[in-house]
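S.K.: next come a sequence and a model predicted from it.
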Amino acid sequence: MQDNKFLKITLGLIAFAIVVVILKELRAIFIPLTFAIMLSFLFAPLNRFLVRKKIPTAIILVIMIFIILTVFTLIGSIMYASISSFVMEFPKYEAKITNVVQNLIIELEIPQEQITNYLNNKVNWVEIVDKLSLSEVVSKTTGSFINFLVNLLLIVVFMMFIVLGRNNLLKRMEKIITHERAMQSVLVFSKLEKQLKTYLINKTFISLLTAFIGMFFIYIFGVDFVIISGFFLFVLNYIPNIGSVIATLFPIVVCMIQYGFGWQVIALSSSLILTQATMANVVEPKLMGTRLHLSPIMILIALIFWYWVWGPVGMILAVPLTSSFNIIIKEFNSMKFISVLISDD
């Protein structure tokens, strides 16, 4: 009996390692697929409503694709505007950055021999830019844009197949398993859909609210790069705990370069930190109708693991993916001990 249990655990670990390797090596396929699955959960209520109204499947797909493309176009436009403003405004920071670095070196009393070369030669940002290969920059920018379009196309294609397949999912499942088991699987998917939908909608609303409040404070204190700071506040807020800290650092550093260590830095830092704390500890717990039931240490481990597998995108998807995994393994008696370790129930 013990030998069988040991064999199952060993096989399970081997299977887990193989799955992780596949996810890591084929990230170009699995990341768009994951986004498509999550979008399908978000669009599920709309899909069911249109099906009840007897709207043809082709029209339903067109409506969903239109919404997806509109949202991604809006996000792309915001990213382009943010990067453009950053590129245009950055040259005027050349002298300020040089002075800040010099003052910091002097205040920290770094040994003279380590800074002689730096103090005798100011940083020439124009010269650095001139040394950059224009063709290389254009190539990388074009490659990133093409990669974005390819991923968007994959998401749309995967989404089409998921929507086409889910309407007859129960009938197909009953062909390979019993009706009772099929209904149980449908209930699991319904629970998964409800939890992910609640998390994604509320998290998006909270991230938008955090970004707009943060942009308001950044604007009234006269700090540059308002749009790109808001974009960071929105996107990085999806990364639990550390994301909001990283997003807050950018406008604070810009403010520090603009005004030095003045009252503006203290006021902006206090405002942004208070906003993040209020959103995380007051607003988010009240809005999240369904908790994700993940222990804090498990969230940290999930962030590290998914960052290793899929990079920064993995950190954004870490919480919903781990929560989904927890819901699924609860249905298997042999794996409930793993759910106990993951959950904070």
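M.R.: Now that the structure is in, tell me what you want to look at.
S.K.: which elements pack onto the longest helix seen in the chain?
M.R.: Ranked by number of residues, the top helix in the chain under DSSP state H is helix 179-220. With contacts taken as 3 or more CB pairs under 8 Å, 6 or more residues apart in numbering; DSSP states H and E, helix 179-220 sits against helix 27-52, helix 169-174, helix 226-235, helix 242-259, helix 263-278, helix 284-287, helix 312-329. Quick note: C-beta positions are derived from backbone N, CA and C, even for glycine.
S.K.: and the angle for that helix with helix 27-52?
M.R.: In terms of direction (axes from the mean of the first three to the mean of the last three CA atoms, to 10 degrees), helix 179-220 departs from helix 27-52 by 110 degrees.
S.K.: and the angle from helix 179-220 to helix 242-259?
M.R.: Using the same axes, to 10 degrees: helix 179-220 against helix 242-259 is 10 degrees.
S.K.: who are the contact partners of the residue lying closest to Leu192 once chain neighbours are set aside?
M.R.: Using CB to CB, 6 or more residues apart in numbering and skipping the chain neighbours, the partner closest in space to Leu192 is Ile327 (5.3 Å). Applying CB atoms under 8 Å, 6 or more residues apart in numbering, we find Ile327 in contact with 188, 191-192, 195.
S.K.: reformat these as a markdown table; add neighbour count, pLDDT and distance to Leu152.
M.R.: Below are the contacts of Ile327 laid out as a markdown table (neighbours: other CB atoms under 10 Å; pLDDT from 0 to 100; distance: CB to CB, whole Å):
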| residue | neighbour count | pLDDT | distance to Leu152 |
| --- | --- | --- | --- |
| Val188 | 14 | 73 | 30 |
| Lys191 | 15 | 78 | 29 |
| Leu192 | 17 | 78 | 24 |
| Gln195 | 22 | 79 | 26 |
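S.K.: nearest to Ser323 among those?
M.R.: Lowest distance from Ser323 to the contacts of Ile327 (CB to CB) belongs to Gln195, with 6.5 Å.
S.K.: Asn326 is in contact with that closest one, correct?
M.R.: No - taking contacts as CB atoms under 8 Å, Gln195 lies outside contact range of Asn326: 9.6 Å.
S.K.: low-confidence ranges, this protein, go.
M.R.: Applying pLDDT under 70 to the chain flags residues 1-3, 5-6, 85, 87, 89-146, 166-186, 288-293, 331-334, 336, 344-345.
S.K.: again, only this time at 50
M.R.: Filtered on pLDDT under 50, the chain yields the residue ranges 119-120, 123, 125, 128-129, 131-135, 137-139, 141-142, 289-290.
S.K.: contacting residues for Ser229?
M.R.: Contacts of Ser229 by CB under 8 Å, 6+ apart are 214-215, 218, 223, 247, 250-251, 254.
S.K.: got the contact list for the nearest residue in space to it that is not next to it in sequence?
M.R.: Using CB to CB, 6+ apart and skipping residues adjacent in sequence, the residue nearest Ser229 is Pro251, 4.2 Å away. Shown in contact with Pro251 (CB under 8 Å, 6+ apart): 214, 218, 223, 225, 229, 268, 272.
S.K.: I'd say the fourth one and Phe86 touch.
M.R.: Looking back up the chat, that one is Phe225. Yes - if you go by CB under 8 Å, Phe225 and Phe86 touch, sitting 5.8 Å apart.
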